[in-house]
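Enquirer: give me coordinates for this.
(chains A, B, C and D)
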Protein chains: 2
Amino acid sequence: MVKSKNTLYICFVESYLRKIVKRKEEKELSTTTEEKIKIAARLVFHKKGYSATRTRDIAEEAGINLALLNYYFRSKEKLFDIIMFETIFDFMQNMARVLNDEKSSLEKKVELIASNYIDLITKEPNIPIFMLSEIRNNAEGLLEKLPLKQSLMNSAFFKQHQKAVADGKIIEPNPLHFLMNLLGLTIFPFIGKPLLQGIRGLNDKQFNNMMQERKKLIPVWIKAMMKAK
Amino acid sequence: MVKSKNTLYICFVESYLRKIVKRKEEKELSTTTEEKIKIAARLVFHKKGYSATRTRDIAEEAGINLALLNYYFRSKEKLFDIIMFETIFDFMQNMARVLNDEKSSLEKKVELIASNYIDLITKEPNIPIFMLSEIRNNAEGLLEKLPLKQSLMNSAFFKQHQKAVADGKIIEPNPLHFLMNLLGLTIFPFIGKPLLQGIRGLNDKQFNNMMQERKKLIPVWIKAMMKAK
DNA sequence: ATTATTTTTAATCAATTGATTAAAATATTT
DNA sequence: AAATATTTTAATCAATTGATTAAAAATAAT
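Expert: Numbers count the residues shown, from 1 in each chain, chains lettered A, B, ... in the order given. Model (predicted):
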């Protein structure tokens, strides 16, 4: 059976549209194999780190055949690099978005950083240790590749801090102390959680409650610290 | 991978203390093979973590034949348990000694914790991430077995904090917030170092200078924070 | 000096693990 | 309906790695 030019064209358009529709359906409802692997890889890598995870762990978690991991991502390392990059990027992007905002005040920025990261890390508690230990191990150059560095360097945050110092509103002139303090107060409790749970009996619910409290406490504390001398 | 045996850690405490005494008595100059392995193991484990270190790495670092590691320590896991225990023990003992001191004031305790840990971690910068990531992975029960927990629970620190709250000198009543803040301000910068170095160009000397500054800044900051509301 | 004990070495094992391959199953195109 | 392309599977490979062994070397005991 020979199709006319018309029907050929219609067939082409139809198949093209079918692909698009299918891709949308896959995105919305079911996840593709490739995505299933990425989701599983993120979970396992975050939890155990690069060296302790076996590709078989990821395959099992994703419910797929081991060979598919290499079929879609070539190697464990390549897959890890993707997960690593996306994790750091998401993490830093959140910070960059807040710190670069010219409109919000310094106080508001502190509030947002604390609030955003407490929510983010409460959802995925393994992210800080994963990021920081894997950066130390392998990806020294990874941070350099991130496009966020430049934007952060000359961000509104640093300008505002400088101005506050000039106006005498902040005593300590080094903005890195400010940033360390903010991140330390926000992120460290998640990292030190097992230590604190070891010192005093503290269950997960109590811990999460404390972290919610800190959303309001950290801005107050930071404000007081910066005026101290 | 099951690393923790219940009775194991009590044995560690005893043998560890015995060995310290013995070593003081002997005042040995040259290091035995066993000690060479332990020193190398500590170095490599701290740097790379349990999973990423190969027994061959340790053997090479120690300059000994691979088989000697198993001859003296039976297995990688057993050797790791020893290193892990000694690391945590030293780390916590420092804290316990300060927090339990009935004579020193709360202010003095803050000063000592900041100063001691900044010196300690400057010498061995890998300790925090090593400890906290390995605790997370395997040795959940390890902290429970440490004899330091009990002494910390009812330490002078918590009593003094409670009194300061009652006297209205400290606003936030939860002592864990206090401890989180102190440790976060002190330890986090070491953990977040690569991140901060990524955001702003910061070499090792500048970083160490900042940490020395923080010895004096942290007590001032903590004081101001606790009075804020 | 000889024997016994301890320590060290080289060679090797067995299990694990990342990766590959060829065939089967499924989906798509013609 | 047949051909083609894509995806999935089972089997297997090669390298790594923790651990063992038997012999050699060094040390201690007799």
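Enquirer: walk me through the domains of chain A.
Expert: Chain A breaks down by automatic domain parsing into domains covering A:32-74, A:77-229.
Enquirer: now do the last one, average pLDDT.
Expert: Confidence over domain A:77-229, taken as the mean pLDDT, stands at 92.
Enquirer: quick one, helices of chain A?
Expert: In chain A, the helices defined using DSSP state H lie at A:5-28, A:33-52, A:55-62, A:66-73, A:76-100, A:106-123, A:127-137, A:142-145, A:148-153, A:156-166, A:175-191, A:193-199, A:204-227.
Enquirer: any chance of those in TSV, with distance to DNA strand D and mean neighbour count too?
Expert: Glycine gets a C-beta too; all of them are placed from N, C-alpha and C. TSV is the format used below for the helices of chain A (distance: least, C-beta to the nearest atom of the strand, whole Å; neighbours: other C-beta atoms under 10 Å in any protein chain shown):
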stretch	distance to DNA strand D	mean neighbour count
helix A:5-28	11	10
helix A:33-52	4	19
helix A:55-62	9	18
helix A:66-73	3	16
helix A:76-100	13	17
helix A:106-123	28	18
helix A:127-137	14	22
helix A:142-145	22	13
helix A:148-153	32	15
helix A:156-166	42	17
helix A:175-191	26	23
helix A:193-199	24	20
helix A:204-227	33	17
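Enquirer: just to revisit the earlier point, now the domains of chain A as TSV including distance to B:Lys159?
Expert: Below are the domains of chain A laid out as TSV (distance: least, C-beta to C-beta, whole Å):
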stretch	distance to B:Lys159
domain A:32-74	38
domain A:77-229	14
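Enquirer: among those domains, which comes closest to DNA strand C?
Expert: Evaluated with C-beta to the nearest atom of the strand, these place domain A:32-74 nearest to DNA strand C, the distance being 3.5 Å.
Enquirer: from start to finish, how long is that closest one in a straight line?
Expert: Domain A:32-74 has its terminal residues 17 Å apart, counting by C-alpha to C-alpha, to the nearest Å.
Enquirer: quick one: closest of the domains of chain A to B:Thr33.
Expert: Distance to B:Thr33, taken as C-beta to C-beta, is lowest for domain A:32-74 among these, at 27.3 Å.
Enquirer: let me see the mean pLDDT of that closest one.
Expert: Rounded mean pLDDT across domain A:32-74 is 97.
Enquirer: got the contact list for the closest residue to A:Gly198 other than its chain neighbours?
Expert: Distances taken as C-beta to C-beta, 6 or more residues apart in numbering or on different chains put B:Leu143 closest to A:Gly198, at 3.2 Å, once the chain neighbours are dropped. B:Leu143 makes contact with A:194-195, A:197-198, B:88, B:135, B:149 under the criterion C-beta atoms under 8 Å, 6 or more residues apart in numbering or on different chains.
Enquirer: and which of those residues is nearest B:Pro173?
Expert: Among the contacts of B:Leu143, and counting by C-beta to C-beta, the member closest to B:Pro173 is A:Gln197, at 19.5 Å.
Enquirer: find the closest residue to DNA strand C in chain A.
Expert: At 3.0 Å from DNA strand C, A:Ser75 is the closest residue in chain A, using C-beta to the nearest atom of the strand.
Enquirer: how about that residue, phi and psi?
Expert: Main-chain torsions, A:Ser75, degrees, to the nearest 10: phi -160, psi 160.
Enquirer: just A:Thr53 next, same as before
Expert: Dihedral pair for A:Thr53: phi -90, psi 140, per degrees, to the nearest 10.
Enquirer: can you get me a residue count around it?
Expert: A:Thr53: 20 surrounding residues under other C-beta atoms under 10 Å in any protein chain shown.
Enquirer: distance check, it against A:Ala40.
Expert: A:Thr53 sits at a distance of 10 Å from A:Ala40 (criterion: C-beta to C-beta, to the nearest Å).
Enquirer: what does A:Phe85 give?
Expert: To A:Ala40, A:Phe85 is 17 Å away according to C-beta to C-beta.
Enquirer: wait, what's in contact with A:Ser105?
Expert: With contact set as C-beta under 8 Å, 6+ apart, A:Ser105 has these partners: A:Gln160.
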